[in-house]
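> here is a sequence together with a model predicted from it:
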Amino acid sequence: LPLTPGHEIAGTIAAVGANSKARVGDKVVVYPWIGCGDCHLCKLGEDNLCPRPRNLGVHVDGGYSTHVLVPDSKYLFSIGDLPMNLAATYACSGITAYGALKKIQSKAEGHNLLIIGAGGLGLAALTIVRAMMDTVIIVADTNAVKREAALSAGATHVLDPNEKDVRKKLYKFSNGGIHAAVDFVGSGNSTAFGFSVLAAKGHMVIVGLFGGAANLSVPLFPLKSLSVQGSYVGTLGEFEELMQLAADEKIVPLPIEKRALGRAQSALEDLVKGKVVGRVVLAP
């Protein structure tokens, strides 16, 4: 501190540097996961994993403001006819969901996909997955309101992971277990649940950062040839792919509530209390 947070940013270009390819007046969304530009990961196009990050709103000042500085026009993407409030969400929840889904796409295609958590990230995944693959989508969440939101967003089945005999029911209607799972919660309980329902050769990606530790059966890794992988947001190239899907109108918009910038604190408090369905967007 002091630091201005906010990493899901869309707006109108107000000014440009001497060598910028951007144009004043353009409406854009910002890719905020900016690396140092010099390390081997940045040179591979994986700025999001840079050990010396300059992420907007996390390491340098971000979007809870009237203006934000972006170091290079390559991090700006035209939003075209997309509503600005919607475009902003693609910079984190959208690209995070897309980056994770790409990792399990080959396993989920033609089979089934378990999404754990129907918060902002889980619902973002639901809006994107239909544009990427043909799969049966199962959503697990402990909150009944969010399970209903998941059904409205296109889930095939929803379930409460705390329900009695839920694993047996899941195995039954998935015909032997889950081929691909994405844990958007990232707690010990959510990860253990996802792992426990994987089918042979199943693949789980952990995205959420809730915290804790999971007790996983080590012998099941070789016996069922299971894969567990982490995923942190997504690359600049993946963001370009995602914005193309959005421009082609292949992504169903997720629920968005607009609030004034001055209500940032109350919006964050509502998130902590689980009162937000979809995303809240702050507008100066």
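Received the coordinates, thanks.
> wait, what's in contact with the residue nearest to Cys36 when sequence neighbours are not counted?
Sequence neighbours aside, Arg52 is the residue nearest to Cys36 in space, at 4.1 Å (criterion: C-beta to C-beta, 6 or more residues apart in numbering). C-beta coordinates here come from the backbone N, C-alpha and C atoms, glycine included. Contacts for Arg52 (C-beta atoms under 8 Å, 6 or more residues apart in numbering) come out as 35-36, 39.
> isn't Ser78 up against Val28?
Yes - between Ser78 and Val28 there is a contact under C-beta atoms under 8 Å: 5.9 Å.
> who has more neighbours out of those two?
Counting neighbours by other C-beta atoms under 10 Å for Ser78 and for Val28 shows that Val28 has the greater number, 21 against 15.
> quick one: the helices in the stretch 1-150 of the chain?
Assigned by DSSP state H, counting those that start in this stretch, the helices in the stretch 1-150 of the chain fall at 40-43, 84-89, 95-108, 120-132, 144-152.
> so for Thr4, which of these sits nearest?
With C-beta to C-beta as the measure, helix 84-89 is the member of the helices of the stretch 1-150 of the chain nearest Thr4 (15.4 Å).
> rewinding a little: per-residue pLDDT, the residue nearest to Cys36?
We note a pLDDT of 97 for Arg52 in this prediction.
> and for Leu151?
Reported pLDDT for Leu151: 95.
> grab the longest strand from this protein for me.
strand 198-206 (DSSP state E).
> immediately after it, which helix or strand?
Next in sequence after strand 198-206, counting helices and strands by DSSP states H and E, comes helix 220-223.
> now do the buried residues in that next one.
When neighbours are counted by 16 or more other C-beta atoms under 10 Å, no buried residue of helix 220-223 is found.
> after that helix, next one along is what?
The helix or strand immediately downstream of helix 220-223 is strand 227-230, counting by DSSP H and E.
> circling back: and the longest strand of the chain, which strands flank it?
Sheet pairing here is set by DSSP bridges, and for strand 198-206 it gives strand 178-183 (parallel), strand 227-230 (parallel).
> most tightly packed of the ones you listed?
strand 178-183 (a mean of 27; mean count of other C-beta atoms under 10 Å).
> which other helices and strands contact the helix or strand that it is followed by?
Using DSSP H and E, the helix or strand that follows strand 178-183 in sequence is helix 188-196. Applying 3 or more C-beta pairs under 8 Å, 6 or more residues apart in numbering; DSSP states H and E, one finds that helix 188-196 contacts strand 112-116, strand 178-183, strand 198-206.
> mind doing that once more with 6 Å?
If contacts are counted by 3 or more C-beta pairs under 6 Å, 6 or more residues apart in numbering; DSSP states H and E, helix 188-196 sits against strand 178-183.
> so what touches the strand it packs on?
Contacts to strand 178-183, defined as C-beta atoms under 6 Å, 6 or more residues apart in numbering, come from residues 100, 104, 107-108, 111-116, 190-191, 194, 197-199, 202-206, 208.
> also stretch 188-205?
For stretch 188-205, contacts defined as C-beta under 6 Å, 6+ apart pick out 100, 103-104, 107, 116, 161, 167, 170, 176-183, 206, 212-214, 216, 224-229, 231.
> same question, stretch 153-171
Residues from elsewhere that reach stretch 153-171 (C-beta under 6 Å, 6+ apart): 123, 126, 136-140, 142, 147, 150-151, 177, 193, 197.
> so how far is stretch 147-166 off the chain centroid?
What separates the centre of stretch 147-166 from the centre of its chain is 19 Å, taken as C-alpha atoms, centre = their mean, to the nearest Å.
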